[in-house]
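K.L.:
any chance you can model this:
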Amino acid sequence: MDRVAALRRVGLVILGVNLLLALAKGGVYLSTGSIAVGSEAVNSLADAAYSLIVVGGLYLTTQPPDEVHPHGHERIEPFVSLFVALGVFAAGGVVLWQAIEAVLAGGAGGHDGPLAAGVLAVGAGAKYLLYRYCIRVAAEYNSPALEATALDNRADILTAGAALAGVLGAALGAPVLDPLAGAVVALGVLYAGVEIVRDNVNYLVGAAPSEELQAEIVGRALSHPEVEGVHDVVAHYVGPEVDVSLHIEIEGDRTVAEAHDIETDVATAIRDIDAIDDVFVHLDPRELGEWKDECEESGERVDLDGSTDA
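P.N.:
All right, here's what the predicted structure looks like:
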């Protein structure tokens, strides 16, 4: 399945599951009065609301390149993720407020522990399956929006467990545990929002990728037999993908055609990395004196053995 179809299908699945969970938890809350279940119902309702944004956002990001957006529309995805974070923060704030009010009132008046516990257990299981599904597709297609959704689902697993513990505690005669569990749910939801913002701000401000990815970029450049060294490597996020510029050191007696082939081979090898969008390679012939034998402010020279000169 291509990226467009895969991402759109995941978006619809997320929306459908969250709607069903919101309806189920809301119905149980109305019949039991459990603050923990009510908190989870609000959480699922918020999930369903932002799922609509995810579906719309994924539709936009999977549009083909055009004259206005020659690199495609993938760079919209971090903004979609930030909308997800806003929904997560709103849900966490509402749940925390409800929980604090209930604690101050002396606990929840909920009843019917088995019904409340059952819907929470089913919800936790559904969220685990959604988490595994989203994280797999996000990794396969490099989708920040789906990664953000996966993190939210992971937090939902933990908060559903906390809510379940509160419901069971209330059923055993400690009603204050129910709203306390609701507060734990809220804190988990808010933490998921922080994770989403932190990850996607890096995409928007052009942060550097992981050291492992940078090392792979340098390794692929050095793997070409005509490349004697690499320096001034700059890799940074442009949306969810990485743009790379680097200088490669070659002997100066190469013809223009040979130098062109070296540049093309290096750029192609780096561009074949899944996370890479575009690559810019500058050639530094030995005779121009631009080889870097020492680490300088502008960057390190990396030799064929992978070491850096001090």
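K.L.:
how much space separates the residue located most distally from the centre of the chain from A165?
P.N.:
Distance from the C-alpha centroid of the chain, by Cα atoms, centre = their mean, peaks at D253 (46.5 Å). Distance of D253 to A165, given as Cβ to Cβ, to the nearest Å: 73 Å. Any C-beta I mention is one placed from the backbone N, CA and C, and that applies to glycine too.
K.L.:
repeat that for V37.
P.N.:
Noted for V37: a distance of 13 Å to A165, by Cβ to Cβ.
K.L.:
who has more neighbours, those two?
P.N.:
The neighbour count for V37 versus A165, taken as other Cβ atoms under 10 Å, is higher for V37 (35 against 18).
K.L.:
wait, doesn't the more buried one sit right on A117?
P.N.:
No. Assessed by Cβ atoms under 8 Å, V37 is found out of contact with A117, at 9.1 Å.
K.L.:
which residues of the stretch 51-200 of the chain fall in strands?
P.N.:
Taking DSSP state E, counting those that start in this stretch as the criterion, the stretch 51-200 of the chain contains no strands.
K.L.:
so where does H247 fall, helix or strand?
P.N.:
Here H247 sits within strand 241-250, counting by DSSP states H and E.
K.L.:
list the buried ones in that strand?
P.N.:
241-244, 246-250 (16 or more other Cβ atoms under 10 Å).
K.L.:
which member of those residues is positioned nearest V227?
P.N.:
I248 (4.9 Å; Cβ to Cβ).
K.L.:
which SS state does the closest residue to that closest one other than its chain neighbours fall under?
P.N.:
Nearest residue to I248, sequence neighbours excluded (Cβ to Cβ, 6 or more residues apart in numbering): V227, at 4.9 Å. V227 falls in the coil class when you classify it by DSSP: H, G, I helix; E, B strand; the rest coil.
K.L.:
same question for the one 3 residues further on.
P.N.:
Per three-state DSSP, the secondary structure class of V230 is strand.
K.L.:
make 43 the starting number, not 1.
P.N.:
Happy to do that; since the first residue is 43 now, the last one works out to V272.
K.L.:
number of nearby residues for it?
P.N.:
By the measure other Cβ under 10 Å, the count of residues near V272 is 27.
K.L.:
still on that earlier bit, anything in contact with each of V79 and A159?
P.N.:
Counting by Cβ atoms under 8 Å, 6 or more residues apart in numbering, the residues touching both V79 and A159 are V209.
K.L.:
separation between S123 and P251?
P.N.:
For S123, the distance to P251 - Cβ to Cβ - is 17 Å.
K.L.:
which one of those two has more residues nearby?
P.N.:
S123 (30 against 19).
K.L.:
residue contacts, the more buried one?
P.N.:
186-187, 189-190, 238, 241-242 are the contacts of S123 under Cβ under 8 Å, 6+ apart.
K.L.:
please apply the same query to E300.
P.N.:
E268.
K.L.:
model confidence score at it, please.
P.N.:
Per-residue pLDDT puts E300 at 92.
K.L.:
that one: what secondary structure?
P.N.:
Here E300 is recorded as helix under three-state DSSP.
K.L.:
among the contacts of S123, which two are most distant?
P.N.:
A187 and D241 (11.0 Å).
K.L.:
those two: which is more packed in?
P.N.:
It is A187, of A187 and D241, that has more neighbours when counted by other Cβ under 10 Å, with 30 against 17.
K.L.:
what is the neighbour count of P267?
P.N.:
9.
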